[in-house]
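Peer 1: next input, structure requested:
(chains A, B and C)
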Amino acid sequence: MSELWQHTAGQLSALLGTGEVSAVDVTESVLERLRSVEDDVKAFITITEDEAKAKARKVDEMRSAGEDPGPIAGVPVALKDIFVTKGIRSTAASKILENYVPGYSSTAAARCDAAGLPLLGKTNLDEFAMGSSTENSAYFETRNPWNLSKVPGGSSGGSAAAVASGQAVWALGTDTGGSIRQPAALCGVVGVKPTYGLVSRYGMIAFASSLDQAGPFTRDVRDAALLLDAIAGQDPKDATSLPIDHPSYAASLEGGVDGMRIGVVKELAGEGLQEGVKIRFDEAVSVLEKLGAEIGEVSLPSFEYGIDVYYLIAPAEASSNLARYDGVRYGLRVDGEDIVQMNSKTRAAGFGPEVKRRIMLGTYSLSAGYYDQYYGKAQKARTLIIRDFERAYGEFDLLVSPTSPTTAFGFGERTDDPLTMYLSDICNVPTSLAGAAAISVPCGLAPEDQMPVGIQIMAKALDEPTMFRAAYAFEQSFRGRDSQIFPELVSR
Amino acid sequence: MTAPSAQFVTTIGLEIHVELKTRTKMFCGCPVAFGGEPNTRVCPVCLGHPGTLPVPNEKAIELTNKIAMALDCEIAPHSIFHRKNYFYPDMPKNYQISQYDIPIGSRGSLDMEVGGESRWIGITRVHLEEDTGKSVHVGGGGRIREAEYSLEDFNRAGTPLVEIVTEPDITSAEEARVFAQELRSILEFLDVSDVRMEEGSLRIDANISVEAPGRSGTKVEVKNMNSMRSVFRALEFEEERQRNALMNEEELVQMTRHWDEKSGVTIPGRVKEYAFDYRYFPEPDLTPIEPSIEWLRQLQEELPELPIAKRRRWMEELGLGPYDAQVLTSSPGVSVFFEETLEAVKDANPKQVANWVANNLAGALSDTGERFSDLKITPSQFAELMDMVASGEINASQGKEILSAMLLTGTSPGSIAEERDMRQVSDRGELEAVVDEVISNNAEVADRIRAGDMKPFGVLVGAVMRATQGKANAAVVTEILKEKLGAS
Amino acid sequence: MPITRKDVDHVARLARLALSEEEKAALEEQLSKILAHAERVTSLDTEGVPPTSHAIQLANVARSDDVVDPLSRDDALANAPAAEEHQFRVPRILEEEE
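Peer 2: Numbers count the residues shown, from 1 in each chain, chains lettered A, B, ... in the order given. Below you'll find the predicted structure:
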């Protein structure tokens, strides 16, 4: 019999529902696993053991009192430390918020709490979610459980690594230009970037407001659907959250891909891919084909410059979103003679190099005389990318590509050249710019380095049901329902 | 080489900020109020905490649309919020949510009268934004540059603020004052703001430049004008300063100047080292405002009659003079009071009532600094007083005395008149006896009148009034005197 | 168009970042490189293409004018780096607003 921490959330929910196990049992098992491998993985900035146990007890008490705590209550969760949590330090992996203890909770965290999920802790990330390797955390690097000398991807590297290593049954991350999907692929777990506006952004420390979106990391597709069901839905505190009644995603898994039209995006699935990524991706496509999907190729020329559009828009919004960290109301302060000095020294000391770089880039592209050339132009190019998607979805139900052009890379390999690092997200930014949905599902290990590869399944906005259906069908056929694969946590 | 002053052309544009009278702030549910203990009306949203998001107040959007409509603006079918980025410690996010290229209202006008002539002042834009907090400068006499440090109170941060910008259509300080007063009246009639300049719920800045033949103007921004009177004084000062500079061939520099009420001069502000670069971009946290035609139609229907229309109507229908009409439409308080008094009077005519409200009542209030909304007396009590005057029960000076008492106590004019034994004596028999006595005591004067010299007539009337402690009905006294002295 | 040191200085001032000389030199080069890579966007013909600032179209989202209890004053100031008389204390302000 395997340990409780090895089970998926779906399995644990069933056990908890029948009373075979208690939420305290599950939480303690996971916490024990968390502690035993944390020194290797370094996924957590803050571990909230007491809170997790208290919540688990509460869920158990509800069940024993005959109350219904909800279908997934008692399955512990980890949150990327960009979700603000009341009374629990929330840092965005930045020195500037090192001692920030918020007086309120993000809607996503509150919904996890309302669903009865004990909070294990706050996971590491690239500072303010800016990065693709979690190396930009102001605190420490998180290691890829498949090979501890490799990065977990980013920016939600802590959440991805925690789920991959069994330190959490599931976790939440945020995705602005690939920050859920890319680390999910690099760590061999499922990651979902929902349609923009499906999950409230309230209390999610903002990076690029028109792109940021929260989503789940899980070990299988069913869990991803379950967790998204729990956190999705309109929030009066977020004016951009969608006023819709979303269908149950967990109820949308069955049905298969027979007759589904799936397009392989030429610009994302051809040149520039690592060989093993290409091999595993092609195999995955042929699995879908065998399952009855109609596979075709589609060329979306605007995707070629998606990364450039992204790096003009996201830093611009970030430069404004991060202006509030000024040493006046909360967070770090470095004293200065006058207010300008105090602000400037605080920000210089509180932000890391990547954050400074993006603030500078964004400030520049918005500044007088450059707006039309950069930000304004990028917004128009964004329209062209959306139009390309619309054209593709006229022909296809879903689009696919590798989630990342490479498998996990080594520490320091891309930190010298920001541009190379930025290109890690090349497959992910078009969906973000279009506000649409995408999921990364593991599709095996690259032969050359035995590191995970993910297939990205993209759907048009709000078509998560179709996306989940295909992802689930693929997963079932690819690795079988009950496989619990955990990496060995070694350096290679 | 001096140009005659007639050749100077003054160009003024105004930028007005109006705090809206909503219950809550623009983007969060914190209550809006003036003053109070610092940092007691704040929340994570208006303190700009990480992860918080703005959600706009629908009432503020509605009120802004009303202002735009009242100023005859085109209402944008699709308008959006922008972020205006600059650092300032009283601004929690270090950007202000404002509007930029697509404001709610644009291309409107305000119709006003200056010296009996109609003037249309163009309204460039009406947009909605959020107010900042307040800084208190500690040390250095409270002056910003000499202060040791500052303290920030964010109670005001996020209060809905409407910015109204005029075209440079204003040509004198007097016109600017009239515009500002007219706009304040409109805002009061719309019931969208407290419009109290002393509390900052109405703030007026101006751009002014004076041109001479062959010399183009230099735009100077004038700030810190904290009353209608200071708008006039500051702009008059600045106009004169620029004229003098032009006459003396001195160079004028584009800058901001601050009005100093005490010394009556504008003082140059600090010349900015760097040009501002606000890096405006569309606010991604908010959705566009797209008012439906039906909603706009409904708002239009709800608009009250605006002061200038009311003024013109009353001048035409009631025969009011321009001064009275102006005073009676300067605020909804006085206007409603006048209307309700008119409805309640029996004998008094509208002109008489208008005159009393505009002069005696409004005058008494402006002496105490009170508003019509603070009045202790009701329109029906005032109507009773008007009827007492009109019917001759009391005379005008008694009426004024009673009014002062009413304003203090709120009691009815009838009871005050009774208490003070102020009923006017109109009884002929009673007055004839007094008149006879006055004539015999002033035989010489009486003879002159009998001989046809009416000049000293008033002396006799005055003597009768004195003899009756002012209670005699002057009209009856005049009548009796004329009869007795055979004068006509 | 490459970024100059003057641009870096200007932008650092706008963004209130006290950067070291080394940081400025690195940024001058890195930003130039990133913007050069973006040239295929900046040189794109977007004649007649409307800009997208929201990928998902919504309009008129607003809340009713109802009061929500504000924070207690202690909570409001709980994270303040410096406070005095229930206000946030800041060093002197040299420039007037706007």
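Peer 1: could you use CA atoms for every contact and neighbour count after this?
Peer 2: Fine.
Peer 1: flag every residue of chain A that's near chain B.
Peer 2: When proximity is defined by Cα under 8 Å from any Cα of the partner chain, chain A lies next to chain B at A:83-84, A:103-104, A:106, A:201-206, A:209-210, A:236-240, A:320-321, A:323-324, A:328-330, A:339, A:363, A:366-368, A:371.
Peer 1: and the residues you listed, which are buried?
Peer 2: The neighbour-count test (16 or more other Cα atoms under 10 Å in any protein chain shown) applied to these identifies A:83-84, A:103-104, A:106, A:201-206, A:209-210, A:236-240, A:320-321, A:323-324, A:328-330, A:339, A:363, A:366-367, A:371 as buried.
Peer 1: show me the residues you listed that map onto helices.
Peer 2: Cross-referencing these against helices under DSSP state H gives A:320, A:321, A:339, A:363, A:366.
Peer 1: correct me, but the second one touches residue A:212?
Peer 2: This points to residue A:321. No. Applying Cα atoms under 8 Å, one finds residue A:321 not in contact with residue A:212, separated by 11.9 Å.
Peer 1: related to what we said a few turns ago, the ones in helices among the buried ones among the residues of chain A next to chain B also near chain C: which ones?
Peer 2: Applying Cα under 8 Å from any Cα to those, one finds that A:339, A:363 fall near chain C.
Peer 1: so which of the ones in helices among the buried ones among the residues of chain A next to chain B comes closest to residue A:54?
Peer 2: Set against residue A:54, the nearest of these by Cα to Cα is residue A:321 (34.7 Å).
Peer 1: list the residues that contact the closest one.
Peer 2: For residue A:321, the set of contacting residues under the criterion of Cα atoms under 8 Å, 6 or more residues apart in numbering or on different chains consists of A:206, A:207, A:208, A:209, B:93.
Peer 1: for whatever helix or strand residue A:27 lives in, name the packing helices and strands.
Peer 2: Remark: residue A:27 resides in helix A:23-41, with elements defined by DSSP states H and E. In terms of contact count using 3 or more Cα pairs under 8 Å, 6 or more residues apart in numbering or on different chains; DSSP states H and E, helix A:23-41 is assigned the packing partners helix A:49-64, helix A:157-165.
Peer 1: helix or strand next in line after that helix, which one?
Peer 2: Using DSSP H and E, the helix or strand that follows helix A:23-41 towards the C-terminus is strand A:44-47.
Peer 1: which other helices and strands does that following strand contact?
Peer 2: Taking 3+ Cα pairs under 8 Å, 6+ apart as contact, the helices and strands that strand A:44-47 lies on are strand A:119-123.
Peer 1: okay, the strand it packs on in PDB with CA atoms only?
Peer 2: Only the C-alpha atoms of strand A:119-123 are listed here, as PDB (Å, rounded to 0.1, in the frame of the first residue of the first chain):
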ATOM      1  CA  LEU A 119      -2.700  25.200   3.600                       C
ATOM      2  CA  LEU A 120       0.800  23.600   3.600                       C
ATOM      3  CA  GLY A 121       2.700  26.800   2.900                       C
ATOM      4  CA  LYS A 122       3.800  29.400   0.400                       C
ATOM      5  CA  THR A 123       6.000  28.200  -2.400                       C
END
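Peer 1: who does it touch, helix- and strand-wise?
Peer 2: For strand A:119-123, the packing partners by 3+ Cα pairs under 8 Å, 6+ apart are strand A:44-47, helix A:49-64, strand A:77-80, helix A:157-165.
Peer 1: residues touching the residue of the stretch 351-488 of chain B found nearest chain A, list them.
Peer 2: Closest approach of the stretch 351-488 of chain B to chain A (Cα to the nearest Cα) occurs at residue B:373, with a separation of 37.3 Å. The neighbourhood of residue B:373, defined by Cα under 8 Å, 6+ apart, consists of residue B:333.
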